[in-house]
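In: got a predicted structure here, sequence first:
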Amino acid sequence: MYRITAKEELDVRDFFMEVEAPHVAKAWKPGQFVVLMIHKRGERIPMSIYYADRETGRLGMFIRRHGKTTFDLWDNFDVGDSLYAVAGPLGMPIEVKYYGNVVFVSDAVCGQAENYATLKAMKEAGNYTISIQTFEDKAHSYPEKFLAKPVADEHYLTTEDGSRGIKGHYLDVLRELIEKDKVDIVFGGGKLGSLKKLAELTREYGIPTIVTVRQIMVDGTGMCGSCRILYDGEIKFACRDGPMFDAHKVDWDDVIRRDSRFVREQEIAKKHYLESRGVV
Amino acid sequence: MAVKPKLIKERVPTPEKPVEERIKSFVEVNLGYDFASALKEAERCIQCPPEYAPCIKGCPVHINIPGFLKALRENADNPDEAVKNALRVIWNDNTLPAVTGRVCPQEDQCEAPCVMGKVGDPINIGKLERFVADYARERGIDQELLEEFIAESNRKVKVAVVGAGPAGLTCALELAKMGYKVTIFEALHEAGGVLMYGIPEFRLPKDILKTELEKLEKLGVEVKTNYIVGKTVTIEELLQEYDAVFIGTGAGTPKLLNIPGILLDRIYSANEFLTRVNLMKAYLFPEYDTPIAVGKKVIVIGAGNTAMDAARSALRLGAEVTIAYRRGREDMTARVEEIGHAEEEGVKFEFFLTPVEFIGDENGKVKAVKFEKMRPLEERDRRGKRKIVGTGEYVTLEADTVIIAIGLEPNRILVEASGFKANPDGTLIVDENLMTSIPGVFAGGDAIRGEATVILAMGDGKKAAKAIDEYIRGKKANA
Ligand SMILES: Cc1cc2nc3c(=O)[nH]c(=O)nc-3n(C[C@H](O)[C@H](O)[C@H](O)COP(=O)(O)OP(=O)(O)OC[C@H]3O[C@@H](n4cnc5c(N)ncnc54)[C@H](O)[C@@H]3O)c2cc1C
Ligand SMILES: Cc1cc2nc3c(=O)[nH]c(=O)nc-3n(C[C@H](O)[C@H](O)[C@H](O)COP(=O)(O)OP(=O)(O)OC[C@H]3O[C@@H](n4cnc5c(N)ncnc54)[C@H](O)[C@@H]3O)c2cc1C
Ligand code: SF4
Ligand code: FES
């Protein structure tokens, strides 16, 4: 069993959770993810890592209350409780080396976690690091201590409505950066629709771009094929061959469509859960 | 010897759940023997001498079949004693009889050469094996017997087993019986391999599998789930802590068809479909959290056990199911019993059709499959199957869900992470003692054979356990 050692609200929708999983913490490298099951009847859900502490054996995660599983996790699991399964680390680590000026952009929960983790590693490898973190508005933005600010050489916080930080999306800030300075590589995570636009933007400037391709997963080890994507004309499994891929080679329309494969079922699960809690 | 018994040509049948009932649930289809009928069936065996009993030769792990049938007969008036003796004989060669009694293709193995098959039906060896295991479990006889197998001296020598499928489980159990301290590392959250995530409850109930797995704990084997060897821990790290390693990682990666439309919604690999349904219990959604979306018209592509399992699972989820196979009826590789069950339950079969395109609707969901019609040739391939050629004629079948069951290959995670010598298809290369290119690391089951069978995987596990024992003794002697 994997004990929860910390839990804290990040904003009205996302929360931070720390879990003891020494076997994963010991082996984790930036770019890799884990798969959780909150209880025996649970779904296997992939999660990005905010930090993995080898000393304490703990993993930090940012989790969004999306549907059944993440609602359940927030409502019913507190510090001291245990999760049924934590497996990993899964996926391929990113290549941490000297690139020059490295930018990490994100506009949703898993991107925010990786924004911190990836930039930290890149900075240690001697890169000049720039972080751009976008939130919808003030109510949906994270407290200062959970931002990537301390690890980045340059940090931009934006909200789409301008209620905190710069008004605009990371795409706007990135375009400005690219126009005025040299950007050697961009890493990104977050909303799939934005990643598609990011790919279009950096392709225009010929800047290498590596992003997390979120796909619906089951095992996370390359055993089921649920997470398959079309990449450079070939079938790849996001869990085994990714989850970080060259954004310019991904067939984004298919990725975005496949993300909504189970919308009907997800709604049923959520409704069933809320009813069982007496909420609806 | 006793008086020569009269030859009884017909098998004592085993009852099955009626079709109308079973297609509404995942409860087991075959109900098995009781002691009286098992005894009657066992009495049909003419007891060929073990030295040349063809059934033993036909069994990949050489279970002493006449021996266990004799044990049943010798204590006809004391069923508990009879079963205990029979189980002891079986366990000598096979520690998971409740599993193999249910899933082995007996008609191609022990039952194929059975002498009784020349005059009538071969002995129903599979169902008898299953009976012994089930009866023993229900009466706690297996627990008593287990005590006999618990090794006295713990040599405190540690062996790591990677993967908790039939190969890994057997290797671990055999080594534990020899007194080794064994730890299994399993990627998923439950042990069992394909037995857990692939084979549905209506063929192999999970409770039964779990009781078989309890043997591990009794024999002191530790199972570490959620460990992906090659990711969570490397082979090199394992070799630092353990005296030897056994790889039983199976062949779990689905082959997908490289044809247009493969990314459409509701096109599943059989592994995804079966994992959602079996391991994650999507058939009990939303009581269990993992969903599955299945429409009304399902096409399953393939004709092995995997295809039958997927088809029969889809049927139980309320769909109309057609199996489309590129070869003919006689080339199907599934167990005869499963093909029969699928037919009885109303699965339709279409032969000589190769898929060439998946056609989607405006929402990106599959709505039909275009096939090319095939024609068989006289010439045969390596496996003795007739070769087929395209005819240039096409047909399109409607489907709102497609399940692809055309085969599996080994997961590349481990090979890539550890630098094993492997074949192009990802199967590990081993020597005659099942040792891989890394000294002290052995392998067996689907990881070295590609897709094979439960009993072959178990046979490898057992053989590797012997080889590991010799290897470790040799190492200690030279140290
Ligand atoms: C590599 C990777 C990293 C991720 N990192 C994070 C993270 O750091 N924080 C976070 O909150 N979420 C992350 N996710 C998404 C997370 O897995 C989903 O939020 C979670 O599965 C939602 O489950 P639910 O039951 O609460 O919601 P649901 O109602 O089931 O689903 C809500 C949405 O989550 C996604 N999703 C649902 N099931 C799965 C699944 N089995 N696998 C993948 N995605 C699914 C879909 O986009 C879906 O529309 C990540 C996903 C991937 C693939
Ligand atoms: C749907 C289906 C139905 C079948 N029906 C039959 C049947 O009726 N009769 C029959 O004889 N055979 C049948 N087979 C074939 C049979 O199941 C396999 O041949 C057999 O399970 C192989 O055993 P194994 O131990 O080699 O591998 P598996 O059973 O595949 O087990 C491998 C295990 O290793 C784990 N693993 C993989 N990689 C790693 C890693 N890197 N680290 C840790 N763990 C890892 C996996 O999670 C899995 O638990 C069927 C197969 C399928 C898919
Ligand atoms: S071959 Fe048939 S008859 Fe002969 S021992 Fe085996 S089961 Fe009995
Ligand atoms: S999640 Fe199963 S193959 Fe990627």
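Out: Thanks, I have the structure now. Ligands and ions are numbered 1, 2, ... in the order given.

In: what sits against whatever residue of the stretch 201-350 of chain B ends up closest to ligand 4?
Out: Of all residues in the stretch 201-350 of chain B, residue B:272 sits closest to ligand 4, at 6.6 Å by Cβ to the nearest ligand atom. All C-beta atoms are positioned from the backbone trio N, CA, C, and that covers glycine. Each residue near residue B:272 by Cβ atoms under 8 Å, 6 or more residues apart in numbering or on different chains is listed here: A:218, A:224-226, B:254.

In: shouldn't residue A:156 be within a strand?
Out: Yes: according to DSSP: H, G, I helix; E, B strand; the rest coil, residue A:156 belongs to a strand.

In: mind listing the residues bridging to it?
Out: residue A:132 (DSSP bridges).

In: pull the number of nearby residues for it.
Out: Neighbourhood size, residue A:156 [other Cβ atoms under 10 Å in any protein chain shown]: 22.

In: is it in contact with residue A:165, as I believe?
Out: Yes: between residue A:156 and residue A:165 there is a contact under Cβ atoms under 8 Å: 7.2 Å.

In: so which of the contacts of residue B:272 are also by ligand 4?
Out: A:218, A:224-226 (Cβ under 6 Å from any ligand atom).

In: out of those, who has the most neighbours?
Out: So for these (other Cβ under 10 Å), the most neighbours sit at residue A:224, 28 neighbours.

In: if I read this right, it contacts residue B:275, doesn't it?
Out: Yes: with contact defined as Cβ under 8 Å, residue A:224 reaches residue B:275; the gap is 5.2 Å.

In: returning to that earlier point: quickly check: the helix or strand harbouring the residue of the stretch 201-350 of chain B closest to ligand 4 near ligand 1 or not.
Out: Assigning secondary structure by DSSP states H and E places residue B:272 in helix B:270-274. No: judged by Cβ under 6 Å from any ligand atom, helix B:270-274 stays clear of ligand 1, getting no closer than 11.1 Å.

In: likewise for stretch A:60-73?
Out: Yes: counting by Cβ under 6 Å from any ligand atom, ligand 1 has neighbours in stretch A:60-73: A:61-64, A:66-70.

In: quick check: longest strand in chain B by residues?
Out: Longest strand in chain B by number of residues (criterion: DSSP state E): strand B:366-380.

In: quick one: the strands in the stretch 301-450 of chain B, in order.
Out: B:320-324, B:348-350, B:353-360, B:366-380, B:386-398, B:401-404, B:408-409, B:441-443 (DSSP state E, counting those that start in this stretch).

In: looking at these, which is nearest to residue B:180?
Out: strand B:441-443 (13.0 Å; Cβ to Cβ).

In: list the helices and strands that closest one packs on?
Out: Judged by 3 or more Cβ pairs under 8 Å, 6 or more residues apart in numbering or on different chains; DSSP states H and E, the packing partners of strand B:441-443 are strand B:244-247, helix B:454-478.

In: please work out which of those is packed deepest.
Out: strand B:244-247 (a mean of 28; mean count of other Cβ atoms under 10 Å in any protein chain shown).

In: in the stretch 1-150 of chain B, which spans are strands?
Out: Using DSSP E, counting those that start in this stretch, strands in the stretch 1-150 of chain B do not occur.

In: ok, residue 217 - how many residues close by?
Out: Let's take chain A. Counted with other Cβ under 10 Å, residue A:217 comes out at 22.

In: if you could check chain B rather than the one you did, that'd help
Out: What residue B:217 shows, counting by other Cβ under 10 Å, is a neighbour count of 10.

In: what packs against the helix or strand of chain B with the lowest mean pLDDT?
Out: Of all helical and strand segments in chain B, the minimum by mean pLDDT, DSSP states H and E falls on helix B:412-418, at a mean of 82. Counting contacts by 3+ Cβ pairs under 8 Å, 6+ apart, helix B:412-418 packs against helix B:235-241.

In: pull out the buried positions in the helix it packs on.
Out: By neighbour count on 16 or more other Cβ atoms under 10 Å in any protein chain shown, the buried set for helix B:235-241 is B:235, B:238-239.

In: so for the helix or strand where residue B:160 lies, mean pLDDT?
Out: Assigned by DSSP H and E, residue B:160 belongs to strand B:158-162. Confidence over strand B:158-162 (mean pLDDT, whole number) is 96.

In: what comes into contact with it?
Out: B:168, B:171-172, B:175, B:180-185, B:229, B:238, B:241-249, B:414, B:468, B:472.

In: for stretch B:137-148, same thing?
Out: In this structure, residues lying in contact with stretch B:137-148 by Cβ under 8 Å, 6+ apart are B:80, B:83-84, B:87-88, B:91, B:98, B:133, B:135-136, B:208, B:211, B:215, B:218-219.

In: point me to the residue of the stretch 201-350 of chain B nearest chain A.
Out: Residue of the stretch 201-350 of chain B nearest chain A, by Cβ to the nearest Cβ: residue B:291 (3.3 Å).

In: so of the ones next to ligand 4 among the contacts of residue B:272, which ones are in strands?
Out: Counting by DSSP E, those contribute nothing to strands.

In: count the neighbours of the closest residue to ligand 3 within the stretch 1-150 of chain A for me.
Out: At 41.7 Å from ligand 3, residue A:40 is the closest residue in the stretch 1-150 of chain A, using Cβ to the nearest ligand atom. Here the count is done by other Cβ under 10 Å, and residue A:40 has 11 residues near it.

In: wasn't it part of a helix?
Out: No: Residue A:40: not assigned to a helix; according to three-state DSSP it is coil.

In: what residues of stretch A:171-181 count as buried?
Out: For stretch A:171-181, by 16+ other Cβ under 10 Å, it's A:171, A:173-175, A:177-178.

In: tell me which of those is nearest to residue B:350?
Out: The closest of those, once distances to residue B:350 are taken by Cβ to Cβ, is residue A:171, at 49.9 Å.

In: list the contacts for that closest one?
Out: Contact analysis of residue A:171 by Cβ under 8 Å, 6+ apart lists A:105, A:194, A:197-198, A:201.

In: can you classify the closest residue to residue B:285 other than its chain neighbours as helix, strand or coil?
Out: In this structure, residue B:285 finds its nearest non-sequential neighbour in residue B:291, 5.3 Å apart by Cβ to Cβ, 6 or more residues apart in numbering or on different chains. The three-state label for residue B:291, taken from three-state DSSP, comes out as coil.

In: hang on, residue B:291 packs against residue A:265?
Out: Yes: here residue B:291 reaches residue A:265: they are 3.3 Å apart, a contact under Cβ under 8 Å.

In: which neighbours do the two share?
Out: With Cβ under 8 Å, 6+ apart, residue B:291 and residue A:265 have common neighbours residue B:285.

In: show me where pLDDT drops low in the chain?
Out: Using chain A here. Under the criterion pLDDT under 70, the flagged ranges of chain A are A:280.

In: that answer is for a different chain, and I need it for chain B
Out: B:1-5, B:151-155, B:479.

In: can you name the residue of it nearest ligand 1?
Out: residue B:289 (6.6 Å).

In: circling back to that earlier point, how about the least confident helix or strand of chain B: buried residues?
Out: Under 16+ other Cβ under 10 Å, the buried positions of helix B:412-418 are B:412-415, B:418.

In: residue B:225: which of the strands of the stretch 301-450 of chain B is closest?
Out: strand B:441-443 (20.5 Å).

In: among the contacts of residue A:171, name the ones in strands.
Out: residue A:105.

In: what subset of the contacts of residue A:171 is buried?
Out: Buried among the contacts of residue A:171 by 16+ other Cβ under 10 Å: A:105, A:194, A:198, A:201.
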